[in-house]
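Trainee: next input, structure requested:
(chains A, B and C)
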Amino acid sequence: MGSRCEIRIYADTEEVATAVARRAVADVVRLDAKYSNYRDDSVTAAINRVGAAGGTTEVDDETASLLDYADTCFEQSEGLFDITSGALRQAWGADCKALPSAAVLERLLQRVGWDKVLWSRPRLEFSVPGIELDFGGVVKEYAADRAAAICAEAGIGHGLVDLGGDIKIIGPHPDGAPWSVGIQHPRQADAVMATIDLSHGAIATSGDYERFVEIDGKRYSHIVSPRTGMPVHGLAGVSVVASECIVAGSATTIAMLMEERGPAWLEEVGLSHLWMDQEQRVGGMYATNATDSLAPELMSSPQSSGRSTTT
Amino acid sequence: MPPQPVSVGADVGVISVKSPRLAALTAAAMALPGLHARAAEPGLNPFTVDASHLEYFESGNRMRVRVNQATAIAPIGDSTQLIADGLQDVISGASPINNAPGPGGQPHQVLTGASVNDRRNAGDIGASLFSNDNQITVRQGWSSENDYKSTWTSIEGRHFLNQKDTVLAAGFAFNDDGVSTHDAPDDFRTRIKRDYFIGVTQIINERSLIELSLEYSYSNGFLSDPYKLVFVQSTGLLPDSRPSERRQISVTGKYLLYVPPIDSALQVIQSLSTDNWGINAGALEVQLKKELPGEWQVNAGGRLYSQSSADFYQVLFQTPPADGLHTSDYRMAGFGSASWLLGVTKQITPNFSLQFSGERTYRRYALRSGGTGFDGDNYIWSFYLVTLQAQF
Amino acid sequence: MRRTMHLARCATLLLMAALSACSTVPPWERGTLAKPVMSVDPPPQEKQQKLRTYGAKEGGAAATGVGGGGCGCN
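Mentor: Next comes the predicted model:
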């Protein structure tokens, strides 16, 4: 998946823990391969071969559910979360040396748009040739949820799955203590912006500091808007807590895509979240209950403009 | 827009959602496959091999049975599963032949000498096909022993609804048997049986489910027991003689409830049956099943059974009945039984589990629901079963 | 036969009552249903042996028509 992945579980014996972890990891590897943008034998590649010609194809159950999910994200993000933005990777790949011209972006944007795809489960019809699907925005978080479910099904009650910062909790420590998750400070490499204690659920983080290209000394985030073709420039970092990692992950991605409207959108969604903008102002919203809490750092920070809601 | 209150539940569970955006995202996320620990969903099993040994015995020098059985289930591809099963059982010991009047007018049972020693071999193979919402299974089986041969075929279909919360099932089985005796082992008299069943399993809520099924069976042919006799006061011993047709209908309900304060599952099974031989029966079984740390599972419970006697059953006959139907078989009498059951399972490694289960049943004339019988038929039967299961 | 009709009618009523009382359990609440103790049937071999024994020792219908042929146990 291109980032560090870790599964931490408590089990009665090491053999059990190893066996279960192995099964969970196997599924992560399976999903990584199945939706890889770089493999010829992945489902993504097969779909995109059909898309290149502007044809129609049918997808399997899992892919269909992911497309349904992506469709929902598209609607809830006013069209900013768009899995047909695969073609834009050509302009903003890691080896990108110069800013792509407006003409290049214009041409690529014609091959981008979920509204150019007719999705009627299980049929996927491309009305325009050259569209490329990119599942990168959902697969990693989905894999975290699935890995945790596999562990839970195997009887594991305590642990977590951490796929490059997208975390799904299987259960708190055996003594009931929550997991303490540190959120990377977007501008200070060795600092923590906040510590979040979670006993259940999931947390995902997105930021412009994770993956980027540097052109002429300026940083361009890896999150590209399907409207303008340009990388987003809004929040520096955002973390969202949700019951499912896939929901948390897409919420962070959409918040980043919304740029300066991100915080308002997050409040509308109503999930506990934390953000930092380009001026290093911090804000967010949290709900408190017996097991989940955002740390007091949020309240004590002088730049904090956070609101709180208690239930 | 002012922030709206949201409560994120402590469980991966109850989320009270006030935001429509969150509701939409959550609903779509929930539809993703394999996102949550699933209920034992119907579908392909991993490759599984079961081997078991059973010891069955009855009180008072009566029969004893030993069974060794092995079953293998192999998934083939994404939607097929093959099953193969083989067993051998050995019966020894005495069994009742007839009743006879005793001194003082009290009837008693007459048993064979403890010389019966029969070996039975049986096997079956089958295949299941799975699709998204359906499952169909066909099986073909054989059983063979010195004085009894049987072949059977069955087909069963299942249809899943409501995201697998509801399962509709229906099935049909056809049995073709030949019955002979030790004295004339090749002289087979035949009978057939047709079984029909329909059932529904419904998940009620996150802790309970119910299963209801209806079954009808029709048997035709030689339905008497060639080893049994009846004592007729006026003429002496006559062979067991039952109608050549039998129609049975039964209804079964199973209810399973998880009880959090004791971290156990309560299971109740109730069944009622009736037939055209006059035997009306009912059974009630209650079990408590609990998981213990270290991958142990224990279950314990009891069962009560009661039946009325067949219309053509008598302990002893005065004169031969006009319709030529007569039996004194202790299984056709009015009686009931009380049993206790116990089971222990241990997951030894992630691939192997060992299971022990035992049942002891007290058959008593006093517990009958109607008809006639006598205490001389009372006995105790028990079995102990050890099963080793390997899954890959 | 009257007794048969009565049983069949009971079964149908119970069936309808059960089906109408339920709504789908959302996937995130199915953890309890996934527990091994929450399966109504014992493992197949045990179920087979139990049913065969009841069928051989009792006069009532041994539920589940799936063959097994049955031994000629006396």
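Trainee: now do whatever helix or strand residue B:67 lives in, average pLDDT.
Mentor: Using DSSP states H and E, residue B:67 maps to strand B:64-76. In this model, strand B:64-76 has a mean pLDDT of 93.
Trainee: any idea how far residue B:215 is from whichever residue of the stretch 251-392 of chain B sits closest to chain C?
Mentor: When you check the stretch 251-392 of chain B against chain C by C-beta to the nearest C-beta, the closest residue turns out to be residue B:281, at 2.9 Å. Every residue, glycine included, has its C-beta placed from N, CA and C. In this structure, residue B:281 lies at 13 Å from residue B:215, with C-beta to C-beta, to the nearest Å as the measure.
Trainee: equivalent analysis for residue B:378, please.
Mentor: According to C-beta to C-beta, residue B:378 stands 29 Å off from residue B:215.
Trainee: more crowded one of the two?
Mentor: Neighbours around residue B:378 and residue B:215, counted as other C-beta atoms under 10 Å in any protein chain shown, are more numerous at residue B:215. The numbers are 23 against 19.
Trainee: for the residue nearest to that one when sequence neighbours are not counted, give me phi and psi.
Mentor: Once flanking residues are discounted, residue B:215 sits nearest to residue B:197: 4.2 Å by C-beta to C-beta, 6 or more residues apart in numbering or on different chains. According to degrees, to the nearest 10, the main-chain angles of residue B:197 amount to phi -140, psi 150.
Trainee: what's around residue B:197, how many residues?
Mentor: Residue B:197 has 21 neighbours, counted by other C-beta under 10 Å.
Trainee: that one touches residue B:157, doesn't it?
Mentor: No. Using C-beta atoms under 8 Å, residue B:197 is not in contact with residue B:157; the gap is 11.0 Å.
Trainee: overlap in contacts of the two?
Mentor: Residues touching both residue B:197 and residue B:157 by C-beta atoms under 8 Å, 6 or more residues apart in numbering or on different chains: B:169-171.
Trainee: so where's the chain uncertain?
Mentor: Let's take chain A. A:1-2, A:287-311 (pLDDT under 70).
Trainee: oops, chain C please
Mentor: In the prediction, chain C carries residues with pLDDT under 70 at positions C:1-31, C:34, C:62-74.
Trainee: what is the least confident helix or strand in chain B?
Mentor: helix B:20-30 (a mean of 81; mean pLDDT, DSSP states H and E).
Trainee: got the buried residues for that helix?
Mentor: Applying a neighbour-count criterion of 16 or more other C-beta atoms under 10 Å in any protein chain shown, one finds B:21-22, B:24-26, B:28-30 buried in helix B:20-30.
Trainee: for those, which one is nearest chain C?
Mentor: Each of the buried residues of helix B:20-30 was checked against chain C using C-beta to the nearest C-beta; the closest is residue B:30, at 5.1 Å.
Trainee: bridged to the residue of the stretch 251-392 of chain B closest to chain C, which residues?
Mentor: Partner residues in beta bridges with residue B:281, using DSSP bridges, are residue B:273, residue B:307.
Trainee: distance of whichever residue of the stretch 151-300 of chain B sits closest to chain A relative to residue B:347?
Mentor: For the stretch 151-300 of chain B and chain A, the shortest gap (C-beta to the nearest C-beta) falls at residue B:294, measuring 6.5 Å. Plainly put, residue B:294 is 9 Å away from residue B:347 if you go by C-beta to C-beta.
Trainee: who's more crowded, the two?
Mentor: Taking neighbours as other C-beta under 10 Å, residue B:294 and residue B:347 compare with residue B:347 leading, 18 against 9.
Trainee: could I get the pLDDT score of the more buried one?
Mentor: With respect to pLDDT, residue B:347 scores 85.
Trainee: which residue is the nearest non-sequential neighbour of it?
Mentor: residue B:295 (3.8 Å).
Trainee: residues in contact with that neighbour?
Mentor: With contacts taken as C-beta under 8 Å, 6+ apart, residue B:295 has the following neighbours: A:12, A:155, B:346-347.
Trainee: which stretches of the stretch 151-300 of chain B form helices?
Mentor: Assigned by DSSP state H, counting those that start in this stretch, the helices in the stretch 151-300 of chain B number zero.
Trainee: quick revisit: secondary structure added to the contacts of residue B:295, as JSON lines?
Mentor: Converted to JSON lines, the contacts of residue B:295 look like this (DSSP: H, G, I helix; E, B strand; the rest coil):
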{"residue": "A:12", "secondary structure": "coil"}
{"residue": "A:155", "secondary structure": "coil"}
{"residue": "B:346", "secondary structure": "strand"}
{"residue": "B:347", "secondary structure": "strand"}
